Structure formats: structure tokens, C-alpha cells
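Return atomic coordinates for the entry below.
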Amino acid sequence: MLKVFRILYNMFLSPDRHLARSLKAVLGFLPINLELFKLAFYHRSSQNGHDQASNNERLEYLGDAMLSSIVAEYLYKKYPYQDEGFLTKMRSKIVKRDTLNEIGDKMGLDVLLKEFNSTRLSKSMLGNAVEALVGAIYLQYGYKKTEKFVVRRILRDYLDIHLLEHFDDNYKSQLLEWCQKQGKEIEYEVVQRYKMDKRDRFKVAVLVDGRTLAIGDDFNKKSAEQLASESALLELGLLSNGTH
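Down below sits the predicted model:
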């Protein structure tokens, strides 16, 4: 009875009832502890008067672990005849940052992030919020409900698993393979490291036989290398614009 009252209060009387209704649309259910779920949208770069610990990093850490575990079990059951290598690659494609960023965008999490942060949004903040939401669900409801949410609302609603089977977006690996076949040397060099929205950002150049072929720019060094590799493949005519 108390649980029902709390849900009704959150939906109709709470000062955060707008958040409650937005979360219901995203999650498929109305959470009881709105403060916990609100925390999932506070990014460290925008504390909004909160102390340093009041951001979504701890929830993100927990959600990352839960996602990896749930996706691993889901793939194990879905592909009973595939080997460990295939399963590992598929899990990596699903839980990696770019995929989670796209999922967060499809879920409409940018609207909630804008509400609780004063800094400019980055794509990575979307993926962080997805992980933080998963962490919040696990803390409040446990493993079974978290698994149900991940499988039904993420894996089935926002991903095409069969398309991922044949999609290779590890551009760094593709470029390395091409260079090895052509007998060319490849290296990556950080040409600039600077601050944007209180966060480190990296500008990375990819050099082939000592010549700068392309430059990638992102908040994460590895992501910048991937962006540079993708641009290099396009420059070399090894990747079409319709591939991504």
C-alpha cells in the first residue's frame, strides 16, 4: 500500500513529477526513489551546487558491470553454437561507448541531461546516463528487473543484434590491417590536449609512413584514434560514407 501511495505521489504531487513522467516513458515503469534516478543524470562537469560525489559516476560504474553481465548471459543463450571469440566480440559491440551513446539518444536522454546539467552535452554523456540508469534500477529493484529492462528496453527496442553480427566498426583495426598488407608504418600522435566544458579533450593524428593522413578529436583518447582511423579509411577510399 505504501509503495502504491509513493508511486501516485511521485506521479501527481511530487515537485519532480515531470521527471517521474519522463522516466516512466523511458523505463516502462515509474520508479519509487526519484532522488536516486535523478542522480543518474548529474554529470561530473556540472555539479549544479552539489558536492563532488553527487554525480552519476558511481552509478555508471555499477551499471557498466551489470550491463556486461546481462549482455553476456543474453548472448550465451541466444547463440548456443558460437564460440567464445564471437560472443566476446558481440558483447564488445553492444556495451561499447558509441553503441550506448546511440541508445541514449534513441531513448531521449538528452532532454533529461539538459534539465540537470549546465554544461554543453557531449555524446559520451548519453552513454554514461544509460549505464547510470541501469545502475539505479539494480540498486532499487535487484538483478531480475534490471535484466528485464536491459533485454526488453535496450537489446530488443534499440538494437538490431543481427545487423551487429556483420558490422565491423573497429576502424583502427581495419586501418592497421591495410597498412600491414601494404607494408606501411602506422602510428598515432596526440597533437593537442585541451579543456572543453571542464573536461580533457584530445586531438589525435594518424600517420602512415610519417605522413599525417587524418585527425580525430574527442574527449577520450581511444575514441579520437578511432575517429582519425575512420577519416583515414575514407581518405584512402577504403570506406564509403554510407558505412556509418
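
Counting neighbours, which bits of the helix or strand harbouring N10 end up buried?
Secondary structure from DSSP states H and E places N10 in helix 2-12. Within helix 2-12, the residues scored as buried using 16 or more other CB atoms under 10 Å are 6-7, 10. (Each C-beta comes from the backbone N, C-alpha and C, glycine too.)

looking only at pLDDT, what's the mean for it?
Mean pLDDT, computed over helix 2-12, is 78.

now stretch 166-174
84.

Ok, stretch 116-123 next?
Stretch 116-123 comes out at a mean pLDDT of 80.

And for stretch 56-71?
For stretch 56-71, the mean per-residue pLDDT is 96.

How far off centre is the top helix by length along the chain?
Ranked by residue count and defined by DSSP state H, the top helix of the chain is helix 57-78. Helix 57-78 has its C-alpha centroid displaced from the chain centroid by 12 Å (CA atoms, centre = their mean, to the nearest Å).

How about it, which residues are buried there?
Result for helix 57-78 [16+ other CB under 10 Å]: buried residues 57, 59-60, 62-64, 66-67, 70-72, 74-75.

Reformat those as JSON lines; add distance to M90.
As requested, those are arranged in JSON lines below (distance: CB to CB, whole Å):
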{"residue": "E57", "distance to M90": "27"}
{"residue": "L59", "distance to M90": "25"}
{"residue": "E60", "distance to M90": "22"}
{"residue": "L62", "distance to M90": "23"}
{"residue": "G63", "distance to M90": "19"}
{"residue": "D64", "distance to M90": "17"}
{"residue": "M66", "distance to M90": "18"}
{"residue": "L67", "distance to M90": "13"}
{"residue": "I70", "distance to M90": "13"}
{"residue": "V71", "distance to M90": "8"}
{"residue": "A72", "distance to M90": "9"}
{"residue": "Y74", "distance to M90": "10"}
{"residue": "L75", "distance to M90": "5"}
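
What is the nearest of the residues you listed to Q226?
D64 (19.0 Å; CB to CB).

Tell me which residues touch L30, please.
Residues in contact with L30 (CB atoms under 8 Å, 6 or more residues apart in numbering) are 7, 10-11, 20, 23-24.

residues contacting the closest residue to A40 other than its chain neighbours?
In space, and not counting its chain neighbours, A40 is closest to A132: 3.8 Å by CB to CB, 6 or more residues apart in numbering. By CB under 8 Å, 6+ apart, the residues touching A132 are 39-41, 56, 59-60, 63.

Pull out the buried positions in the helix or strand that contains A132.
Using DSSP H and E, A132 sits in helix 123-141. By 16+ other CB under 10 Å, the buried positions in helix 123-141 come out as 123-139.

Stretch 84-96 now?
Buried residues in stretch 84-96, counted by 16+ other CB under 10 Å: 87, 89-91, 93-95.

okay if I get the contacts of L30 as TSV plus distance to D168?
Shown next, in TSV, are the contacts of L30 (distance: CB to CB, whole Å):
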residue	distance to D168
I7	44
N10	44
M11	45
A20	41
L23	35
K24	37
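
Just give me the closest of these to L113.
L23 (13.1 Å).
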